[in-house]
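In: missing the sequence, but the structure's below:
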C-alpha cells in the first residue's frame, strides 16, 4: 500500500472541484503539503466558514453571507429595473461589464423539465411576488442564449405579461471584435434582424 | 461592491493551488457553493485534518500521517536496497511502475546552492546515518534527470563512497514507444553509450 490514507483522502476530496481530476488532485495535494501548508490551512478554514455562513440573498437569491447581498442592501441602486440572470457569476459579469445600476434576480438554474427543474425550483414564485409588490418598470432578461436559457426567458416574459411592465431581452449578434466569417449562421441571422440605425 | 466578501475569501484561498488562477477559482467556488456544498465541507474537514496530522516519515521523509510510512512500516520490504527520490510522488510512481521491493529515501527537494538548498536541507545527514547503520547493499539514485537532479545524484554517490556499497543510477535512453526522430541528441547519445547486449 504505497499511498498514505490521509493523503489519499485529500486527493479524493480535491476531486470534487470542477476541472480537477485524480492527477491534478495529486499534484495539488503534494504542492500544498510539501510547500504551502499555510495555504492549505487557510483554504480549509475559509471553506468551512463559507459552508457554515453562505446562503442565498433573501431578495435576489444570489450567494451571500448576509440576509441581503451587497447589491440589494445598496440604497443607491435603481429599484425600477430588474435584471434576471442564471447564476451569481452572471451578476458579477453584468456589474463589471455594463453600467447597469438596477437590481438583480438570480435563478440559480434554468427551466429544464426533463431534469425536474420547474418554475418553483428557480424561484419564479418569488420573482412574481416582486413583480406584483415592487415598483419595477423594466425587466431585463439576461439568461444564457442556450435552448433552456431562451425557454426560461420566454416563460418569464409570459409571467410578466399581466403586470404591464417593459420586458426586454439582451441582444444577440456579432461579438465585438468578431469576424463574420467565424460567426454561425443563426447568430448572423439574429444580427441582421436586430440591426440598428446609425444615428 | 458586487462580490461578496466571504465568497471573495474563498476565491483568494483557492488560488493557493497550483494551476488554479482567479478565473478557475471563481468557477470552482461557485460550483461548490451552488451545487456541491457537501464536497466543500468534506474538503475543508479533510484538509484541516491533513494540516494537523501530516508530517514526514521519521525514516524515509515521505509525507505520512504516522511516525513511519506504510512502506517503512512494512516488514516485507527488502531493507538492503534503498532508492533515493526527490519527492513523495516519485515514491508512488516507482512503486506503481516497477517491481522494486526495497525501501525509499525522499529528499523533498534537490541540491540547489543558489536557492540556499544544501545537503542538510534535503536530509543527506540522515541518509548518511542510514548508510552507516543499516544493512544497505545497493543505493539506487532515481533523482530527476535535470541539472540539479544529476548534481544531487553525483553528490550522493560521493557520499556513499566510503561505505563500499553498490551505487546505481536509473538509465537514460529512448522512452518506450518513442521514435528516434523526436528524441533530443543528448538522450540519444546516452541511449547509445548505455546500450545492452541482447541475450
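Out: Received it, and whenever you're ready, just let me know what you need. These numbers were taken from a predicted model, which means no experiment stands behind them.

In: pull out the buried positions in the one helix or strand in chain A whose mean pLDDT sits lowest.
Out: Of all the helices and strands that make up chain A, helix A:185-193 has the lowest average by mean pLDDT, DSSP states H and E, namely a mean of 86. In terms of neighbour count (16 or more other Cβ atoms under 10 Å in any protein chain shown), helix A:185-193 has its buried residues at A:187, A:190, A:191. All C-beta atoms are positioned from the backbone trio N, CA, C, and that covers glycine.

In: touching chain B at all, the lengthiest helix in chain A?
Out: If each helix of chain A is counted by residues according to DSSP state H, the longest one is helix A:37-53. Yes. In this structure, helix A:37-53 sits against chain B according to Cβ under 8 Å from any Cβ of the partner chain; the contacting residues are A:37, A:39-51, A:53.

In: got phi/psi on residue A:117?
Out: Note on residue A:117: backbone dihedrals following degrees, to the nearest 10 are phi -100, psi 100.

In: ok, back up a step: can you turn the buried part of the residues of helix A:37-53 next to chain B into a PyMOL selection?
Out: This is how PyMOL selects the buried members of these, with burial counted by 16+ other Cβ under 10 Å:
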select buried, chain A and resi 39+40+41+42+43+44+45+46+47+48+49+50+51
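
In: between the longest helix of chain A and helix B:37-53, how many degrees?
Out: Relative orientation of helix A:37-53 with respect to helix B:37-53: 140 degrees, computed using axes from the mean of the first three to the mean of the last three Cα atoms, to 10 degrees.

In: give the other helices and strands that helix A:37-53 contacts.
Out: Helix A:37-53 sits against helix A:22-35, helix B:5-14, helix B:22-35, helix B:37-53, with contacts defined as 3 or more Cβ pairs under 8 Å, 6 or more residues apart in numbering or on different chains; DSSP states H and E.

In: let me know the angle separating that helix from helix B:22-35.
Out: Regarding helix A:37-53 and helix B:22-35, their directions subtend 40 degrees when assessed with the same axes, to 10 degrees.

In: wait, what's in contact with the most centrally placed residue in chain A?
Out: Centroid check for chain A by Cα atoms, centre = their mean gives residue A:87 as the closest residue, at 1.4 Å. Taking Cβ atoms under 8 Å, 6 or more residues apart in numbering or on different chains as the definition of contact, the neighbours of residue A:87 are A:106, A:107, A:108, B:30, B:34.

In: count the neighbours of the third one for me.
Out: To tie it back to what came earlier, the one meant is residue A:108. In terms of burial, residue A:108 registers 18 neighbours under the definition other Cβ atoms under 10 Å in any protein chain shown.

In: that one touches residue A:122, doesn't it?
Out: Yes. In this structure residue A:108 lies within contact range of residue A:122 using Cβ atoms under 8 Å: 6.5 Å.

In: ok, which stretches of chain A are helices?
Out: A:5-14, A:22-35, A:37-53, A:70-73, A:88-97, A:124-133, A:147-160, A:185-193.

In: which stretch in those helices has the least confidence?
Out: For the helices of chain A, the stretch scoring lowest in mean pLDDT is helix A:185-193; its value is a mean of 86.

In: hang on, the earlier thing: adding distance to residue B:6, write the contacts of residue A:87 out as CSV.
Out: As requested, these are exported to CSV (distance: Cβ to Cβ, whole Å):
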residue, distance to residue B:6
A:106, 17
A:107, 22
A:108, 17
B:30, 13
B:34, 14
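
In: and which of those residues is nearest residue B:181?
Out: Residue B:181 has its nearest neighbour among the contacts of residue A:87 in residue B:30, at 45.9 Å by Cβ to Cβ.

In: could you list the domains of chain A?
Out: The record assigns chain A these domain ranges, following automatic domain parsing: A:5-53, A:63-197.

In: any idea how far apart the tips of the first one sit?
Out: Between the start and the finish of domain A:5-53 there is a gap of 30 Å, counting by Cα to Cα, to the nearest Å.

In: how far off centre is that domain?
Out: Between the centre of domain A:5-53 and the centre of its chain there are 25 Å (Cα atoms, centre = their mean, to the nearest Å).

In: same deal with stretch A:85-92?
Out: Relative to where its chain is centred, stretch A:85-92 has its mean C-alpha point 3 Å off (Cα atoms, centre = their mean).

In: can you give me the buried ones in that stretch?
Out: If you call a residue buried by 16+ other Cβ under 10 Å, then stretch A:85-92 has these buried ones: A:85, A:86, A:87, A:88, A:89, A:90, A:91, A:92.

In: how about those residues, which pair is most distant?
Out: Across the buried residues of stretch A:85-92, the two lying at the largest distance from each other (Cβ to Cβ) are A:86 and A:92, at 12.6 Å.

In: can you give me the buried ones in stretch A:92-105?
Out: For stretch A:92-105, the neighbour count (16+ other Cβ under 10 Å) marks A:92, A:94, A:95, A:100, A:102, A:103, A:104, A:105 as buried.

In: picking up where we left off before, what's the angle from the longest helix of chain A to helix A:5-14?
Out: Using the same axes, to 10 degrees: helix A:37-53 against helix A:5-14 is 50 degrees.

In: can you list contacts of helix A:37-53?
Out: Identification of contacts with helix A:37-53 by Cβ under 8 Å, 6+ apart yields A:32-33, A:65, B:6-7, B:9-10, B:12-14, B:16-17, B:32-33, B:37, B:40-41, B:43-45, B:47-48, B:50-51.
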